[in-house]
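S.K.: The following comprises the amino acid sequence and a computationally predicted model.
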2 protein chains.
Amino acid sequence: MPWTATNTEGRPAPAALAVDAVVLRVADRRLEVLALRTEDGRRALPGGLLGPRDDPAEAVRRVLAEKTGLDGIYLEQLAAFADPDRDPRGWIPSIAHLALVPADTTPRDPAARWVTARGRHRWAHDHRDMLALAVDRVEGKLWWSNVAVGLLPAAFTLSQARAVYEGVADTGYDGATFARDLKATGLVEPTGERRSDGPGRPAALYRFVTAAPAWGAGRRKRVSPA
Amino acid sequence: MPWTATNTEGRPAPAALAVDAVVLRVADRRLEVLALRTEDGRRALPGGLLGPRDDPAEAVRRVLAEKTGLDGIYLEQLAAFADPDRDPRGWIPSIAHLALVPADTTPRDPAARWVTARGRHRWAHDHRDMLALAVDRVEGKLWWSNVAVGLLPAAFTLSQARAVYEGVADTGYDGATFARDLKATGLVEPTGERRSDGPGRPAALYRFVTAAPAWGAGRRKRVSPA
């Protein structure tokens, strides 16, 4: 029997309120999503149910800390998913979130796997739609915001940054053009340090000016012919 | 007493699920929001409660049709607002939506008023936050998407479009630059018709290539120094 609820006014109420998280990283220039395996072999996003005093974003942080050991991550709300049939347990809307983590993040939960975000996996519930929205969101604001701050370590070389941007945009960038364009956003600054990045002169390290959500110089700029 | 609900699993459930709508228009180069007056004199966004079989977007359309006579409007979801204290009636999360309408839209509800979206009004609940998010959303994607399709009539002159873009961005644009930049987005096309727009030669009419959500040529472009 599906769950139901009736409120003190005598009207039908949601049976519960859920949160789900699309956790993305870029590893080897590939955008990946953290997926749990369900009993019937489908993929599922990490998520949980909210209590009456829960803040949704805090609840997502708690779920990710419990299920994956992730902590202190970039998090933003994606959208509410409230199709009446989305959850076989009953009328359970979910507030989907986007979480971004660096490439070296390893989930604690042995059931959790990194799988390609653009792959053809079978997803439970409406998790395919949540994932599609998350990829569209991060790809769309990649160059206009500092959203990649969640995907990169605190200090990074321009070639590290390029690998991450290429993975999100699913494209290749020319190295010199990438460096010029990234600096032109005004969102990154040199740390003053250098790090050996292979043979040759150690590469300059950069950081995002702020880890708080920020828009680059281009966001409100008008579009002129290239 | 606040409303409460318990589900068939014996756990607390949301007392209800709400939708709210930030309805925006640009009139006389000013961004305005549709506001109802509450009993205590504050402003409130139009909204309502969802039933267990309701699709949120459809519910918003129904609320707007009933309360304001608005129909067939541009609508997108903004975000879920789920602060436990947001509604004094109980645990009632709300899914906020953004609706965009042309300047000549007149609400049917006599309690509804157009007020300036950037003004210092007293708002009920968390409606100020919903409004701020809506203004940020439409301003942010103004030049990268066809979002203004909801604010303009089906066919418009470039000076009509400029007035709308100026209202959203809260800025002034040079006429020639505006025309060039709007065409460069690839989102508008000439209808082939002209309309008299004051003295002189009748102005060319334009339309958006599609009314469905679309991104312009600039969205994924990298940011280069101006």
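M.R.: Here it is on my side, so go on. Numbering: from 1, shown residues only, chains lettered A, B, ... in the order given.

S.K.: now check the longest strand anywhere in chain A, is it near chain B?
M.R.: The longest strand of chain A (DSSP state E) is strand A:18-27. No - shown here: strand A:18-27 not in contact with chain B (Cβ under 8 Å from any Cβ of the partner chain), separated by at least 9.0 Å. Where C-beta positions appear, they are placed from N, C-alpha and C, glycine not excepted.

S.K.: List the buried residues for that strand?
M.R.: A:18-27 (16 or more other Cβ atoms under 10 Å in any protein chain shown).

S.K.: tell me the angle the following helix or strand past it makes with strand A:18-27.
M.R.: Following strand A:18-27 in sequence order, the next helix or strand is strand A:30-37 (DSSP states H and E). Angle, strand A:30-37 to strand A:18-27, by axes from the mean of the first three to the mean of the last three Cα atoms, to 10 degrees: 140 degrees.

S.K.: distance between the helix or strand following strand A:30-37 and the chain's centre?
M.R.: Later in the chain than strand A:30-37, the nearest helix or strand by DSSP H and E is strand A:43-44. Relative to its chain's centre, strand A:43-44 lies at 16 Å (Cα atoms, centre = their mean, to the nearest Å).

S.K.: I'd like the next helix or strand past strand A:43-44.
M.R.: Counting by DSSP H and E, the element after strand A:43-44 in chain order, helix or strand, is strand A:47-49.

S.K.: any residues touching the helix or strand following that following strand, and which ones?
M.R.: Going down the chain from strand A:47-49, the next helix or strand is helix A:56-68, by DSSP H and E. The contact list for helix A:56-68 (Cβ atoms under 8 Å, 6 or more residues apart in numbering or on different chains) reads A:19, A:21, A:23, A:34, A:36, A:46-48, A:50-51, A:70-71, A:73, A:75, A:77, A:95, A:97, A:99, A:107-109, A:112, B:80, B:82.

S.K.: what angle separates helix A:56-68 from strand A:30-37?
M.R.: 80 degrees.

S.K.: Buried residues, helix A:56-68. List them.
M.R.: Per 16+ other Cβ under 10 Å, helix A:56-68 contains these buried residues: A:56, A:59-61, A:63-64, A:67-68.

S.K.: Any chance of these in JSON lines with pLDDT as columns?
M.R.: Shown next, in JSON lines, are the buried residues of helix A:56-68 (pLDDT from 0 to 100):
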{"residue": "A:Pro56", "pLDDT": "95"}
{"residue": "A:Ala59", "pLDDT": "94"}
{"residue": "A:Val60", "pLDDT": "96"}
{"residue": "A:Arg61", "pLDDT": "95"}
{"residue": "A:Val63", "pLDDT": "90"}
{"residue": "A:Leu64", "pLDDT": "92"}
{"residue": "A:Lys67", "pLDDT": "78"}
{"residue": "A:Thr68", "pLDDT": "78"}
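
S.K.: And the furthest pair within those?
M.R.: A:Pro56 and A:Thr68 (17.6 Å; Cβ to Cβ).

S.K.: Could you identify the helix or strand that succeeds the helix or strand of chain A with the lowest mean pLDDT?
M.R.: Between all helices and strands in chain A, the lowest mean by mean pLDDT, DSSP states H and E belongs to helix A:56-68, at a mean of 90. Remark: after helix A:56-68, the chain's next helix or strand is strand A:74-81, criterion DSSP H and E.

S.K.: Just checking: what are the partner strands of that next one?
M.R.: strand A:94-100 (antiparallel) (DSSP bridges).

S.K.: per-domain residue ranges of chain A.
M.R.: A:14-140, A:148-208 (automatic domain parsing).

S.K.: Between the buried residues of helix A:56-68, which sits nearest A:Arg42?
M.R.: A:Lys67 (16.9 Å).

S.K.: And that closest one, how close does it get to A:Val19?
M.R.: Using Cβ to Cβ, to the nearest Å, we find A:Lys67 at a distance of 12 Å from A:Val19.

S.K.: Same check on A:Arg137?
M.R.: For A:Arg137, the distance to A:Val19 - Cβ to Cβ - is 16 Å.

S.K.: re the thing from before, relative to B:Leu205, tell me which of the domains of chain A wins on proximity.
M.R.: domain A:14-140 (30.1 Å).

S.K.: any weak-confidence spans in chain A?
M.R.: Along chain A, the parts satisfying pLDDT under 70 run over A:219-226.

S.K.: Quickly find the element holding A:Gly192.
M.R.: Going by DSSP H and E, A:Gly192 is part of strand A:188-195.

S.K.: Buried residues in that strand, which are they?
M.R.: A:Val188.

S.K.: contact partners of it?
M.R.: Looking at what lies outside strand A:188-195 - Cβ under 8 Å, 6+ apart - the contacts are A:155, A:157, A:161, A:182, A:201-209.

S.K.: After that strand, which helix or strand is next? Please name it.
M.R.: Counting by DSSP H and E, what follows strand A:188-195 is strand A:203-208.

S.K.: Give the other helices and strands that that next one contacts.
M.R.: strand A:156-157, helix A:158-169, strand A:188-195 (3 or more Cβ pairs under 8 Å, 6 or more residues apart in numbering or on different chains; DSSP states H and E).

S.K.: Take those and lay them out in CSV including distance to B:Ala148.
M.R.: Below are these laid out as CSV (distance: least, Cβ to Cβ, whole Å):
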stretch, distance to B:Ala148
strand A:156-157, 37
helix A:158-169, 26
strand A:188-195, 31
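
S.K.: closest to B:Asp87 out of those?
M.R.: For those, distance to B:Asp87 was read as Cβ to Cβ. The smallest value, 37.2 Å, belongs to helix A:158-169.

S.K.: So what touches the closest one?
M.R.: Contacts of helix A:158-169 (Cβ under 8 Å, 6+ apart): A:26-31, A:103, A:138-139, A:142-143, A:148, A:151-153, A:172-173, A:175, A:178-179, A:182, A:188, A:197, A:203-204, A:206, B:220.
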